[in-house]
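Asks: With the sequence up front, the predicted model follows.
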Amino acid sequence: MSTEPTASTTPKTAASWRDLFAAPSRAAVIVLASGIALYGTNVYLTASLLPSAVADIGGQELYAWVSTAFLLPSVVASLFVGRALAGWGARRAYLVAFLGFATGLVLSMIAPNMPMFLAGRFVQGCAGGLLTGLAYAVMRVALAPRLWTRAIALLSAMWGVGNFVGPMLGGLFAEFGIWRGAFAPLAIGALVAAGLALRTLPRTASAEQLERMPIVSLTLLTGVTAALSLTVVFTEQRQVLALLGVAAALAVAFVLVERSGSRTLLPHSVYRGGSPLRWIYIVIAALSAASTVEAFVPLFGQELAGMSPFVAGFLGAMISWGWTFGGILTSGAVSDGRVATLRVGGPMLLAVGLAGYALVQPADAGLGTVALWFAALFVAGVGIGSSFGHTAAAALRSTDDPVESQKASAGVNTVQLLANTVGSALAGLLVNLGGPTIPGSARSLTLFFAAFAAVGAVAAWLAVRQTMPGTRRETAR
């Protein structure tokens, strides 16, 4: 009889990194991590070389659509992860995702004009949404539960890798005037990962019976994502507010339909008072949305401290690197008290880091201020990393029901991508509202997300109360 804990049980013994990369799980772990690494690197690589691409192939008027063409299909594709696994199995699903990702990269690489470049981005988004969603869904069936937190920490680290390698690779190729070549290493990496998936992942499709696709819920959530994604294209304050209003109305309609429907995109337990899953998803949303602050931090550094683009890029990467460090450092925690402390304390640390950064925004920043910025943003990232892995693992363990567990694991990625979309939309609006001064924009942006992180801490406490009886006493010691 297996001694592994059930899906709803927190492991009582810590798995080591050696356990994670032991022979039975090594290949699957590499495949999961490769998908996230390729997705994350592609995001940052494209942003760094896009000015060079536009100067070469034109399409300045379509510049803002590059992000939307990638992000919108990513979110929508993530909703089909469960069906891909049920219909194709892990091996074929990953094969389709990796080959599709490579195809999209090649399309962008050979694009003679911006419309074809956008088509490549659309294909990358569809495949990328599958890659990120499959990582959590396949983890649940391919790895022992005691390895989940370590595996999630590794996946988080891959975002840090992407944040470092992407701009460096894109900037290097753009510097030499061969921006197209920057996509080649990623395409080759996707093909290598596809070969590994073909050799190591199980071929058979899942025997679990999925519900029929909830078309109304899918349509409403697609509308929410589209409205939020278009805030990057239509940037006037009135337009952004109108799109946010449409997104909010569609989101309310989505929740109402899901609550009363027999077929849902998210697990049914999200809409039941006794389940902690709703609070878990709010925590994931708060942690993920706050990370979008890093997109504007390099701008603030250049404007307020006269940083070079290179140094400012490192400042912007502090949140991702702190996330990676915090995730790896805390991934071995297994006791109920320590896990509860990390799940609640992580969002609190994130709020403190962002608030600390917000409150130190002079018009002319010196070396001491810059050092405080680096430290505060790193602390904020550590807050995300120390909580995210344990919170996502709690979502994976939230139910033993086969259908609901598939939704719960896929929902982690969907919530994360949606939160990134919401965060990006709100970040642009907050920067404009905080103007006309740069210090005002920096304060309004980071104080808002600090408050949202505090809401995440409350949600984490509520989730812990429901899943870990008695941990309030342990945590308070």
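Replies: Ah, there it is. Residues are numbered from 1 along each chain as shown.
Asks: only C-alpha atoms for contact and neighbour calcs from this point on.
Replies: Fine.
Asks: Just give me the neighbour total for residue 61.
Replies: 10 (other CA atoms under 10 Å).
Asks: confidence score at it?
Replies: pLDDT for residue 61: 81.
Asks: In this structure residue 131 contacts residue 97, no?
Replies: Yes. Counting by CA atoms under 8 Å, residue 97 is a contact partner of residue 131 at 6.0 Å.
Asks: More neighbours: these two, which one.
Replies: When neighbours are counted by other CA under 10 Å, residue 131 and residue 97 differ, and residue 131 comes out ahead with 32 against 24.
Asks: dump the residue contacts of that one.
Replies: 32, 35-36, 39, 94, 97-98 (CA atoms under 8 Å, 6 or more residues apart in numbering).
Asks: out of the residues you listed, who's nearest residue 425?
Replies: Distance to residue 425, by CA to CA, is smallest for residue 39 among these, at 20.3 Å.
Asks: gap between the most centrally placed residue in the chain and residue 334?
Replies: Central residue of the chain (CA atoms, centre = their mean): residue 416, 4.6 Å from the mean position. Applying CA to CA, to the nearest Å, the value for residue 416 to residue 334 is 24 Å.
Asks: show me what contacts residue 77?
Replies: 125-127, 129-130 are the contacts of residue 77 under CA under 8 Å, 6+ apart.
Asks: So which of the residues you listed is surrounded by the most neighbours?
Replies: residue 130 (32 neighbours).
Asks: so what pLDDT did the closest residue to that residue other than its chain neighbours get?
Replies: Leaving aside its chain neighbours, residue 130 sits nearest to residue 78 (5.3 Å; criterion: CA to CA, 6 or more residues apart in numbering). For residue 78, the pLDDT comes out at 86.
Asks: One more: residue 471?
Replies: Confidence at residue 471, expressed as pLDDT, is 44.
Asks: ditto for residue 259
Replies: 86.
Asks: helix or strand right after the helix or strand residue 48 falls within?
Replies: Per DSSP states H and E, residue 48 falls inside helix 23-57. The C-terminal neighbour of helix 23-57 among helices and strands, as given by DSSP H and E, is helix 65-78.
Asks: from the chain's centre, how far out does that following helix sit?
Replies: Relative to the chain's own centre, helix 65-78 is displaced by 13 Å; criterion: CA atoms, centre = their mean, to the nearest Å.
Asks: between it and helix 23-57, how many degrees?
Replies: Counting by axes from the mean of the first three to the mean of the last three CA atoms, to 10 degrees, helix 65-78 lies at 150 degrees to helix 23-57.
Asks: buried stuff in the helix or strand following helix 65-78?
Replies: Reading on from helix 65-78 to the C-terminus, the next helix or strand found by DSSP H and E is helix 81-110. Neighbour-count burial for helix 81-110, with 16 or more other CA atoms under 10 Å as criterion, is recorded at 81-109.
Asks: same check, this time on stretch 342-355
Replies: So stretch 342-355, judged by 16+ other CA under 10 Å, has buried residues 342-355.
Asks: Equivalent analysis for stretch 399-416, please.
Replies: Here stretch 399-416 shows 399, 404-416 as buried, counting by 16+ other CA under 10 Å.
Asks: Which ones among those map onto helices?
Replies: 404-416 (DSSP state H).
Asks: for those residues, which one is nearest residue 192?
Replies: residue 413 (23.7 Å).
Asks: So the closest one sits against residue 78, correct?
Replies: Yes. The criterion here is CA under 8 Å, and residue 413 meets it with residue 78 at 7.1 Å.
Asks: Now for those two: what residues contact both?
Replies: 132-133.
Asks: Measure how buried residue 266 is and give me the count.
Replies: Residue 266: 24 neighbours (other CA under 10 Å).
Asks: got the contact list for it?
Replies: Taking CA under 8 Å, 6+ apart, one finds 258, 407-408, 411 in contact with residue 266.
Asks: rewinding a little: between the buried residues of stretch 342-355, which sits nearest residue 46?
Replies: residue 354 (26.7 Å).
Asks: would you put the C-alpha positions of the strand or helix carrying that closest one in CSV?
Replies: Residue 354 is part of helix 336-358 when elements are defined by DSSP H and E. This file holds the C-alpha atoms of helix 336-358, laid out as CSV (Å, rounded to 0.1, in the frame of the first residue of the first chain):
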residue,chain,number,x,y,z
ASP,A,336,1.3,23.0,9.5
GLY,A,337,2.5,25.9,11.6
ARG,A,338,5.3,26.9,9.4
VAL,A,339,3.3,26.5,6.2
ALA,A,340,0.5,28.6,7.6
THR,A,341,3.0,31.3,8.6
LEU,A,342,4.4,31.4,5.1
ARG,A,343,1.0,31.4,3.4
VAL,A,344,-0.2,34.4,5.4
GLY,A,345,3.2,36.1,6.0
GLY,A,346,4.2,36.1,2.3
PRO,A,347,1.5,38.6,1.2
MET,A,348,2.2,40.7,4.3
LEU,A,349,5.9,40.8,3.4
LEU,A,350,4.9,41.7,-0.2
ALA,A,351,2.8,44.6,1.1
VAL,A,352,5.6,45.8,3.3
GLY,A,353,8.1,45.7,0.5
LEU,A,354,5.9,47.6,-2.0
ALA,A,355,4.9,50.2,0.6
GLY,A,356,8.6,50.7,1.5
TYR,A,357,9.4,51.3,-2.1
ALA,A,358,6.5,53.7,-2.5
